[in-house]
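A.B. asks: Below are the sequence and a predicted model for it; my questions follow.
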Amino acid sequence: MSHDLSLAQSHTFQLSRDLMVPVTVFAVDGEYGVLPTDEIDDGDDLEIVHELSPWAAH
């Protein structure tokens, strides 16, 4: 978890490219985290900030 959104977004890009899966940046209690999108459940109390797909056109 990080308090720095730009750091979390940087990790999101790298993780997505390394694993070749969609990855999501989320916020909880003012901190940001990164997980592969398929590991996030609907019941999780997460604020989704951004989702990145490695196949998205840039």
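C.D. replies: Done, it's in. Numbers count the residues shown, from 1 in each chain.

A.B. asks: can you map out the strands along the chain?
C.D. replies: If you assign secondary structure with DSSP state E, the strands in the chain sit at 23-28, 31-36, 47-52.

A.B. asks: buried set for stretch 2-13?
C.D. replies: Using 16 or more other CB atoms under 10 Å as the test for burial, stretch 2-13 gives 8, 9, 11, 12. C-beta coordinates here come from the backbone N, C-alpha and C atoms, glycine included.

A.B. asks: Show me the contact partners of that stretch.
C.D. replies: Residues from elsewhere that reach stretch 2-13, judged by CB atoms under 8 Å, 6 or more residues apart in numbering: 23, 24, 25, 30, 31, 32, 33, 34, 49, 50, 52.

A.B. asks: For those, pick the one with the most neighbours.
C.D. replies: For the contacts of stretch 2-13, the largest number of neighbours (other CB atoms under 10 Å) sits with residue 23, at 25 neighbours.
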